[in-house]
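Novice: please find the sequence and the predicted model below.
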Amino acid sequence: MKNLKNKKILITGAYGFLGSNLVKRLLDIGSEVITCDNLSRRGAELNFEDLKKEYGNLNNIQAEISDIPTYIMKFKPDLIYHFAAQVAVTTSIISPVSDFRVNAEGTFGVARAAKEFNIPVIYSSTNKAYGDNVNQVSILEMKTRYDFKGALRRKGINEEFSIDAAHHTPYGCSKLAGELYVREYGGLVNRFSCMYGEWQHGIVDQGWLSYFIMQKLKNKPVTIFGNGKQVRDMLYVSDVIDLLLLEGSKFISSPVSMRSEVFTVGGGYNNTISLLELCSKLKIKPKFSDWRPADQKVFYCDTTKAKKVLGWAPKVSVDDGLSKLYKWTEKNIQRLG
């Protein structure tokens, strides 16, 4: 990561969960970090204040996503991490126009401005880019979870799996549109599965592991949409940041090799958990409600490409990561709303 030291790096959505953790790591290695966040997300102001206490006077650009191209032209950073987004499936269904303007149109503006100055962009996309195609894979139903059946079992979804499907939800469509523009203009895309860790302020629509822990600590009910056998591969935030730094370092040193690349990134089969299994670990008795539109019953990643290209693989187990997040949430529960 030595070639990121003293580099000028712009992070959009800098005080969300992922951005806050990346800001900290980049400052620790000596990067010149420019942060851009409108601080509208729940917890963003708290994360900003925490980082200011630790690192002194951080100068955040409190701007909307449509304004970011202006700052790209002004600062001409060496690298951009683009995390600013509307992140909830349910919100995209209620407000699809707003979702499109932030995720698709906003990302187009960032990618286009970066291309003008030949600045590498690393974009945070989602497993929802695969849409309902994932639900067309045959599955097994067991006591506490579903699993893929056949060739994908214990292996998972990789970058070659088709994104051409209906029923992405507006969120899946807007994030997919954003990633297509990023790759068209030479940026790099990560299709992330379920990330979790410190500085995550989970809500019912996003960051479910964090949300379940907060509800448990506040002695509030948890509602599962569906039967709870849905399976995801959990990716702890320190592993995510390791990947992002490897990508940034390689993109700066060898830009041609990383242009228009896409990685499917998650914890992999060994770090899978179902909602029912999480409730059992946390000793939660959930309520149940109807399935959400286009919910994927099983999703976990085949991370072979990231290992081959970057030498990256997840290190933190679900049990270890869950313990770390539980302790952090317990310590900060009075501030988490």
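Specialist: Perfect, thanks for sending it.
Novice: the strands in the stretch 1-150 of the chain, which residues?
Specialist: All strands of the stretch 1-150 of the chain, identified by DSSP state E, counting those that start in this stretch, fall at 8-12, 32-36, 60-61, 79-82, 121-126, 139-141, 146-148.
Novice: reformat those strands as TSV; add mean pLDDT, distance to residue 182 and mean neighbour count.
Specialist: C-betas here are computed from N, CA, C, even on glycine. Compiled in TSV, these are given as follows (pLDDT from 0 to 100; distance: least, CB to CB, whole Å; neighbours: other CB atoms under 10 Å):
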stretch	mean pLDDT	distance to residue 182	mean neighbour count
strand 8-12	98	12	23
strand 32-36	97	17	22
strand 60-61	94	21	18
strand 79-82	98	7	25
strand 121-126	97	4	25
strand 139-141	97	31	14
strand 146-148	98	28	19
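Novice: JSON lines please, covering these and showing distance to residue 23.
Specialist: Output for the strands of the stretch 1-150 of the chain, formatted as JSON lines (distance: least, CB to CB, whole Å):
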{"stretch": "strand 8-12", "distance to residue 23": "6"}
{"stretch": "strand 32-36", "distance to residue 23": "6"}
{"stretch": "strand 60-61", "distance to residue 23": "10"}
{"stretch": "strand 79-82", "distance to residue 23": "9"}
{"stretch": "strand 121-126", "distance to residue 23": "14"}
{"stretch": "strand 139-141", "distance to residue 23": "39"}
{"stretch": "strand 146-148", "distance to residue 23": "36"}
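Novice: check contacts around the residue lying farthest from the centre of the chain.
Specialist: Taking CA atoms, centre = their mean, the residue of the chain most remote from its mean C-alpha position is residue 143, at 29.0 Å. Applying CB atoms under 8 Å, 6 or more residues apart in numbering, one finds that residue 143 lies in contact with no residue.
Novice: now stretch 325-337: mean pLDDT?
Specialist: When pLDDT is averaged over stretch 325-337, the result is 89.
Novice: repeat for stretch 252-262
Specialist: Mean per-residue pLDDT for stretch 252-262: 96.
Novice: by mean pLDDT, which helix or strand of this structure comes out lowest?
Specialist: helix 89-94 (a mean of 89; mean pLDDT, DSSP states H and E).
Novice: mind listing what the residue most central in space within the chain touches?
Specialist: Here the mean C-alpha position of the chain is nearest to the C-alpha of residue 192 (CA atoms, centre = their mean), at a distance of 5.2 Å. Residue 192 is in contact with 124, 125, 126, 127, 235, 240, 265, 266, counting by CB under 8 Å, 6+ apart.
Novice: apply 7 Å and report the result again.
Specialist: By CB atoms under 7 Å, 6 or more residues apart in numbering, the contact set of residue 192 is 124, 125, 126, 127, 265, 266.
Novice: repeat for residue 51
Specialist: Neighbouring residues of residue 51 by CB under 7 Å, 6+ apart: 20, 23, 24, 58.
Novice: burial check on the second one, number of neighbours?
Specialist: Looking back up the chat, that one is residue 23. Neighbourhood size, residue 23 [other CB atoms under 10 Å]: 27.
Novice: I'd say it and residue 33 touch.
Specialist: Yes: counting by CB atoms under 7 Å, residue 33 is a contact partner of residue 23 at 5.8 Å.
Novice: give me the common contacts of these two.
Specialist: Both residue 23 and residue 33 are in contact with residue 11, where contact means CB under 7 Å, 6+ apart.
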